[in-house]
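Colleague: I need the structure of the sequence given here:
(2 chains)
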Amino acid sequence: MITLPPVNWLSLLPSLILTVAGILVLFWDLWMKEEERPLLAWLGLTGLVLTGVVSFGLLGRNESAFNGMLALDSYALFFNLIFCLAAGMTVLMSIDYLETTDIRPGEYYALILFATVGMVLMAAATDLIVIFLGLETMSMAVYVLAGIWRQRLQSNEAALKYFLLGAFASGFFLYGVALVYGATGSVQLGKVAAYVSEYGSSPLLLIGVALLIVGFGFKVAAAPFHVWAPDVYEGAPTTVTAFMAVGVKAAAFAAFARVFLHTLGPIHAQWQGILWILAALTMTVGNVTALVQTNIKRMLAYSSIAHAGYLLVAMVAGQDLGGAALMYYLVAYGLMNLGAFAVVLAVGRKGEPNEEFSDYAGLGFRYPALGMAMTLFMLSLTGVPPLVGFIGKFYIFSAAVKAGYVWLAVIGVLNSAVSAYYYIRVVVNMYMYEGEKVPEFLSARPALATAIILAAVGTVLMGVFPSASIALARASFLSLG
Amino acid sequence: MVPISYHLILSGILFTIGVMGVLLRRNTIIIFMAVELMLNAVNLSFVAFARQLGSMDGQLIVFFVMSVAAAEAAVGLAIILSVFRNRETVNADELNLMRW
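Modeller: Numbering: from 1, shown residues only, chains lettered A, B, ... in the order given. The predicted structure is shown next:
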């Protein structure tokens, strides 16, 4: 008789809750009446909140499951919180947005949940093939989400571009996995780490590592692998853009940092140089190109490329300081970016997305609260104290300086200064110009307002009282061992 | 027995053909086929390494990669189809509503 190996169900709990919630959304959608459909959002949100609470409750555990393929450690659980934040805020923002589009809620919310399952797997995976499967689970759901507004041509085009370049990048990632497997004899991170610390690197391993960097670079939209990002971010429905900019990036960085900072840590001298160049290039390309944008979604896309650059600086710095700074900055970036996208949604109307900078003229007078919130997010993205964006950047750059990468930190600070121009331009547009459009009043949109308030409160509170979340990020990173 | 380097070189050549196909062809369906070729080139590497190392892992991984490729085909062709319905073209150069 075949005895089944013991299964650590607890390690699967977060992804199981999300999967069940996603399936329930799909099935409930079949039977419900048309006017009840918005309820699906609340079911999805319940699943996400539950996953967040469970992940928070499990923090502090450090177990390995499925024969070393999945880990249940604080590192993965901390990232689960980021994913639940990103997906939960996206759902809150979507409730009103979907009514202004032709998107059907059933498959939309189900796909958000399934994409989150992929992210959770990526953060928990301790096996390169499980990372690949998580990556594909997430990516395929997001490919469809990018094109889910089927009647809109830009959405179609965004989905196609994202799909083709995403699949192309997966090919590189997988080739990297194959070469690492050939060089070390295993795809399990634990065994790869043992091999690397005993024998060091070999040419085959290094080619594999370079291909892994290409694969991850595509997913985090690091230059020169960023060309897809502006088009996809602009064309996808705005809520999906927010989800991609925060959730997908966080998931890719979760796996990226686990593989590079932890498993390949012993040969960091071999890959740090490549990441140094990528980080400097990504920050510069993102910020400089953002300067000339006139569409706010496209500007936020380039801004998200620039932020990927700052996160890469944290990867180059490495060790516990860099790792903790990376995790903290992902939370910070998530809060302020989701907030900015929520404001973009609030300004949009049915059939009239209002995404040009000129559409924001006079907004600060017509809707003072909305203007205040947008100002807050833009200042935080620039890195103005005491907001969360400043604290995050401060930790990243100080980690880089402590690790001896002074020039990289200097490039980063200069880039932050450049970024002030385009972020402040939004604020200037809101307060210094008269709007040409006749002021119209917003209909009450409580869910969207809640999302903006949550993001704003988070942006301020985490900036003023950073110590608790930094301590949590640090403890979580140290759980990698 | 054929030495492993032969398999790896063949796999590298196939992968390069796939990459070139993605970069040079303009028909999105051909681009997608080239991506599938890249994945299959990787599969060949996995099998070759599994034989060399005497471990089953590489052969098992191939099944996962094949099922991922199948799922990718389902999603990808659906996306290409929905683009074709609206635009009546699958040429990457004509899909330029937004700058590349």
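
Colleague: what about stretch B:36-56, distance to the chain center?
Modeller: 14 Å (CA atoms, centre = their mean, to the nearest Å).

Colleague: now the spatially most central residue of chain B, nearest residue through space, not along the chain?
Modeller: By CA atoms, centre = their mean, chain B has its centre lying nearest to B:Glu36, at 2.2 Å. Using CB to CB, 6 or more residues apart in numbering or on different chains and skipping the chain neighbours, the partner closest in space to B:Glu36 is B:Ala69 (5.9 Å). Every C-beta, even on glycine, is put in place using the N, C-alpha and C of the backbone.

Colleague: how many residues are close by that neighbour?
Modeller: By other CB atoms under 10 Å in any protein chain shown, 22 other residues sit near B:Ala69.

Colleague: residues in contact with B:Phe15?
Modeller: A:Gly171, A:Tyr175, B:Leu37, B:Met38, B:Ala41, B:Val42 (CB atoms under 8 Å, 6 or more residues apart in numbering or on different chains).

Colleague: which two of these have the greatest separation?
Modeller: A:Tyr175 and B:Leu37 (12.0 Å; CB to CB).

Colleague: neighbour count winner among these two?
Modeller: A:Tyr175 (27 against 20).

Colleague: which regions of chain B sit below the pLDDT cut-off?
Modeller: For chain B, applying pLDDT under 70 flags the ranges B:99-100.

Colleague: ranges for the helices of it?
Modeller: With DSSP state H, the ranges of helices along chain B come out as B:4-24, B:28-53, B:57-87.

Colleague: and these, which is most packed in?
Modeller: helix B:28-53 (a mean of 21; mean count of other CB atoms under 10 Å in any protein chain shown).

Colleague: so what does that one touch, helix or strand wise?
Modeller: The contact analysis (3 or more CB pairs under 8 Å, 6 or more residues apart in numbering or on different chains; DSSP states H and E) places helix B:28-53 against helix A:153-184, helix B:4-24, helix B:57-87.

Colleague: and those helices as a markdown table, adding distance to B:Ile31?
Modeller: Below are the helices and strands packed on helix B:28-53 laid out as a markdown table (distance: least, CB to CB, whole Å):
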| stretch | distance to B:Ile31 |
| --- | --- |
| helix A:153-184 | 6 |
| helix B:4-24 | 5 |
| helix B:57-87 | 10 |
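
Colleague: in the stretch 201-350 of chain A, what residue comes closest to chain B?
Modeller: Closest to chain B within the stretch 201-350 of chain A is A:Asp231: 4.5 Å, counting by CB to the nearest CB.

Colleague: quick check: that residue is in a helix.
Modeller: Yes. Assigned with DSSP: H, G, I helix; E, B strand; the rest coil, A:Asp231 falls within a helix.

Colleague: which one of the contacts of B:Phe15 is nearest A:Leu376?
Modeller: A:Gly171 (41.4 Å).

Colleague: the closest one: how many residues sit nearby?
Modeller: Neighbours of A:Gly171 (other CB under 10 Å): 27.

Colleague: dump the residue contacts of it.
Modeller: Shown in contact with A:Gly171 (CB under 8 Å, 6+ apart): B:Phe15, B:Gly18, B:Val19, B:Val35, B:Met38, B:Leu39, B:Val42.

Colleague: out of those residues, which is nearest to chain A?
Modeller: Comparing the contacts of A:Gly171 against chain A with CB to the nearest CB places B:Met38 closest, at 3.6 Å.

Colleague: in this structure the closest one contacts B:Thr16, no?
Modeller: No. In this structure, B:Met38 is not within contact of B:Thr16 by CB atoms under 8 Å, at 9.1 Å.

Colleague: wait, isn't A:Thr294 in contact with A:Phe357?
Modeller: Yes. Counting by CB under 8 Å, A:Thr294 touches A:Phe357, with 5.4 Å between them.

Colleague: more neighbours, these two?
Modeller: Between A:Thr294 and A:Phe357, counted using other CB under 10 Å, the more crowded position is A:Phe357 (18 against 11).

Colleague: residues in contact with the more buried one?
Modeller: Applying CB under 8 Å, 6+ apart, the residues near A:Phe357 are A:Thr294, A:Asn295, A:Ile296, A:Met299, A:Arg425, A:Val426, A:Asn429.

Colleague: tally of neighbours for the nearest residue to the second one once chain neighbours are set aside?
Modeller: In space, not counting the residues next to it along the chain, A:Asn295 is nearest to A:Glu355; the distance is 5.3 Å by CB to CB, 6+ apart. By the criterion of other CB under 10 Å, A:Glu355 has 19 neighbours.

Colleague: one more: the one 4 residues further on?
Modeller: For A:Asp359, the count of nearby residues is 20 (other CB under 10 Å).

Colleague: pretty sure it is in a helix, no?
Modeller: Yes. Per three-state DSSP, A:Asp359 lies within a helix segment.

Colleague: residues in contact with the least confident helix or strand in chain A by mean pLDDT?
Modeller: Between all helices and strands in chain A, the lowest mean by mean pLDDT, DSSP states H and E belongs to helix A:363-366, at a mean of 84. By CB under 8 Å, 6+ apart, the residues outside helix A:363-366 that reach it are A:Val347, A:Leu370, A:Gly371, A:Met372, A:Met374, A:Thr375, A:Val427, A:Asn429, A:Met430, A:Tyr431, A:Gly435, A:Pro439.

Colleague: was I right about the second one contacting A:Val344?
Modeller: No. Between A:Leu370 and A:Val344 there is no contact under CB under 8 Å: 10.6 Å.

Colleague: neighbour count for those two, which is higher?
Modeller: Neighbours were counted for A:Leu370 and for A:Val344 using other CB under 10 Å; A:Val344 has more, 23 against 20.

Colleague: assign that one to helix, strand or coil.
Modeller: Under the three-state scheme (three-state DSSP), A:Val344 adopts helix.

Colleague: so it touches A:Pro237, yeah?
Modeller: No. Between A:Val344 and A:Pro237 there is no contact under CB under 8 Å: 11.5 Å.

Colleague: picking that back up, which one of the contacts of A:Gly171 sits closest to A:Ile95?
Modeller: The closest of the contacts of A:Gly171, once distances to A:Ile95 are taken by CB to CB, is B:Val35, at 35.7 Å.

Colleague: show me what from chain A comes close to chain B.
Modeller: Counting by CB under 8 Å from any CB of the partner chain, chain A comes close to chain B at A:129, A:132-133, A:136, A:140, A:143-144, A:147, A:150-151, A:153-154, A:156-161, A:163-164, A:167-168, A:170-172, A:174-175, A:177-179, A:181-182, A:185-187, A:227, A:230-231, A:234-235.

Colleague: pull out the buried residues from those.
Modeller: Listed as buried from the residues of chain A next to chain B are A:129, A:132-133, A:136, A:140, A:143-144, A:147, A:150, A:153-154, A:156-161, A:163-164, A:167-168, A:170-172, A:174-175, A:177-179, A:181-182, A:185-187, A:230-231, A:234-235; burial here means 16 or more other CB atoms under 10 Å in any protein chain shown.

Colleague: residues contacting the most centrally placed residue in chain A?
Modeller: With distances taken as CA atoms, centre = their mean, A:Val246 lies nearest the centre of chain A, 2.7 Å away. Going by CB under 8 Å, 6+ apart, A:Val246 touches A:Ile82, A:Leu85, A:Ala86, A:Tyr333, A:Gly334, A:Asn337, A:Leu338.

Colleague: give me that answer again for 7 Å
Modeller: A:Ala86, A:Gly334, A:Asn337, A:Leu338 (CB atoms under 7 Å, 6 or more residues apart in numbering or on different chains).

Colleague: for the second one, what are its contacts?
Modeller: Contacts were defined as CB under 7 Å, 6+ apart; by that measure A:Gly334 touches A:Ile82, A:Leu85, A:Ala86, A:Val246, A:Ala250.
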